[in-house]
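# after the sequence you'll find the predicted model.
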Amino acid sequence: MSFIDSYKHLEKLCGEILNDNRRLSAYIDEMINTPNGNHYVRNWDDDLKTLKHYRWVRNQISHEPGCNESNVCDPEDELWLNHFYSRIMNQTDPLSMYRKARSATNNSRSRAQTSYEHRPQTDISNYQPKQKRHYLGIILWIIIVLILFFWFSNK
C-alpha cells in the first residue's frame, strides 16, 4: 500500500463512521469541536496535529505540480495512517476514547448524585468548603509567624 492508498482507506472509514461526506476532515473537525479533548485523552493534540498534517500532505500530492509521495512522504507516514485506521477499528482512537472517558465521568457523577439524594438534608447555610478553610488556616498561621518574627527581631 502507498501513502495515498492508506490515506484513502482511512478517509473512507472516517466517512462511514461519522456518516459525513467530508470524511477525514469531518473527523478532524469533530476533534477540534470537542471540548477539553486533551484533558480526557492522552496524545489528543498530537493525533490532531498529525491528522491535519497528513491531510495537508495529501492535498499537496493531489494539487501541487511535481509533488508526489516520494518527495513529501516517509515510510513512517503510511505506517501511522494504517495504525490510526486500526485504532478506529479497535475503538482506541481519540474520539472513541473521549466518548468512553466522558461516559465514565457521567456515570460516576450520576452515581454520586444518586447516593447524595438519599442522604438526609442538612443545613448548609454556614458551610465553607474544606479547601477554603485550609487556606484560611495557612494564611492565619503565616500572619502569626510574621508577627512573632518581627516582634522578636525588634527586641
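Received the coordinates, thanks. Everything numeric in this text was worked out from a predicted model, so none of it was measured.
# give me the neighbour count for Glu69.
By the criterion of other Cβ atoms under 10 Å, Glu69 has 17 neighbours. Placement of C-beta: from N, CA and C, glycine included.
# that one and Ser6: what is the separation?
10 Å (Cβ to Cβ, to the nearest Å).
# if you count neighbours, what's buried in stretch 63-72?
Within stretch 63-72, the residues that count as buried by 16 or more other Cβ atoms under 10 Å are Glu69.
# could I get the average pLDDT for that stretch?
In this model, stretch 63-72 has a mean pLDDT of 93.
# outside of that stretch, which residues touch it?
Stretch 63-72 is contacted from outside by 2-4, 57, 60-61, using Cβ atoms under 8 Å, 6 or more residues apart in numbering.
# and Glu64, how close does it get to Trp56?
11 Å.
# and the buried ones among the contacts of stretch 63-72, selectable in PyMOL?
Here is the PyMOL command that selects the buried residues among the contacts of stretch 63-72 (16+ other Cβ under 10 Å):
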select buried, resi 3+4+57+61
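# which pair in the contacts of stretch 63-72 spans the largest distance?
Ser2 and Gln60 (14.7 Å; Cβ to Cβ).
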